[in-house]
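# fold the following and give me the result.
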Amino acid sequence: MDFFYRNGAKKRTLTVFSLLVLGSIIRQYNATQKFLSSGNLSELLEVIDSCASNDSGTLVKLVGVSDGGIPSMIHQIWKTTDVQTYVTEFGASHEAWKTMYEPFNYTVKLWTDDDVLQLIRTKYAWLLSTYEGYPHDIQRVDLARLAIVLAEGGIYADLDVYPRNVTQTQCLQHLGLQAIFAPTQMGDIGLSNHFFMAQQGSPFLLWTLYVAKRRAVSASLRTILPYWTVLWTTGPLMVTAAFREYAWLYSAQRLNIGVLDEDKYRPQVLGHAAGRAWHGPDGVALNYIADHAPKTIFMPVVIAMSLLGLVWLVRKRPRRNIRRPFLLFCSSIS
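Residues are numbered from 1 along each chain as shown. Model (predicted):
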């Protein structure tokens, strides 16, 4: 107890604040694990480990037919029409999708920031304030991909996702599922948003947009581990959590949502170079640790990085503003 009196009010405030935020971080992590690990998602999802198709000629005739399947449209997003400004080791995949899929009567569409903004203004005005209020560009991209496929149906692929097999894609489109997602790479089955396909007007995608709006966080919290904030508000953690809620709401019905089996089937459909072009230093560090270190040390590193970010935040802000970001942070995870 002598520590608190020797070091003055400022250090006492910082110490208490740090302990409370640490508790909040652990609470958020535990909530994440609840959505990713508790229960068995494979019992709720249709895990696709193969797709038995007819010959490719028959499948080509099916393309464009209104049979309740997923439309033959491929959507990608970039800031402008110049994908050459997308800089990663392997380059943008847009031309690869066009080269492989356009001969099979697919429409390969590149959405720019202006296109997305116009779509949200005209069809999803209730999302506009959320979309414009995000502190990170990747959050807007995450929201945009859901809105695009909800509005038009079809397939979404990040610019670091590369096509491998038209026949398998066509087969997936006609399985009678409302949506199919690539799996997460976090060890547990989850829904990733770097590649997915869905029917136009998919009820699940609409529900996911509602969840994203509910999870939107204050811009004043953007300095506390931005990577984690993105995953939680608009990324795979949010999509997986939205599915669990959706499954609970419609437990008596067939959900018609599939996920590609990572080991047996996903590599037959697509390749993922994981460009991670949007990651800041925290995301780069956490992904390196996740790729190269045992899972047991991941959470301690998250906590340590969060506390370092917290110390920087407190030192940056005037003393009178210390309480406000903490209260906002707590309210955002409650």
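# pop out the phi and psi values for residue 196.
phi -160, psi 160 (degrees, to the nearest 10).
# could you pull out the strands for the stretch 151-300 of the chain?
154-157, 161-163, 179-183, 191-198, 257-260, 270-272 (DSSP state E, counting those that start in this stretch).
# export those to TSV and tack on mean neighbour count, distance to residue 108 and mean pLDDT?
For glycine as for every other residue, the C-beta is placed from the backbone atoms N, C-alpha and C. As requested, the strands of the stretch 151-300 of the chain are exported to TSV (neighbours: other C-beta atoms under 10 Å; distance: least, C-beta to C-beta, whole Å; pLDDT from 0 to 100):
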stretch	mean neighbour count	distance to residue 108	mean pLDDT
strand 154-157	24	9	99
strand 161-163	21	10	96
strand 179-183	25	18	97
strand 191-198	24	14	97
strand 257-260	24	20	96
strand 270-272	18	14	92
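# now distance to residue 124 too, for the ones you listed, in JSON lines please.
Converted to JSON lines, the strands of the stretch 151-300 of the chain look like this (distance: least, C-beta to C-beta, whole Å):
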{"stretch": "strand 154-157", "distance to residue 124": "16"}
{"stretch": "strand 161-163", "distance to residue 124": "24"}
{"stretch": "strand 179-183", "distance to residue 124": "18"}
{"stretch": "strand 191-198", "distance to residue 124": "15"}
{"stretch": "strand 257-260", "distance to residue 124": "21"}
{"stretch": "strand 270-272", "distance to residue 124": "27"}
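# which stretch among those strands comes nearest residue 239?
strand 191-198 (4.6 Å; C-beta to C-beta).
# what angle sits between the closest one and strand 179-183?
150 degrees (axes from the mean of the first three to the mean of the last three C-alpha atoms, to 10 degrees).
# ok, residues contacting strand 191-198?
45, 70, 142, 145-146, 149-150, 153-158, 160-161, 172-173, 178-185, 204-205, 235-236, 239-240, 243, 259, 270, 272 (C-beta atoms under 8 Å, 6 or more residues apart in numbering).
# same question for stretch 101-108.
60, 63-64, 72-74, 76, 94, 97-98, 154, 163, 166, 169-170.
# noted, bye for now.
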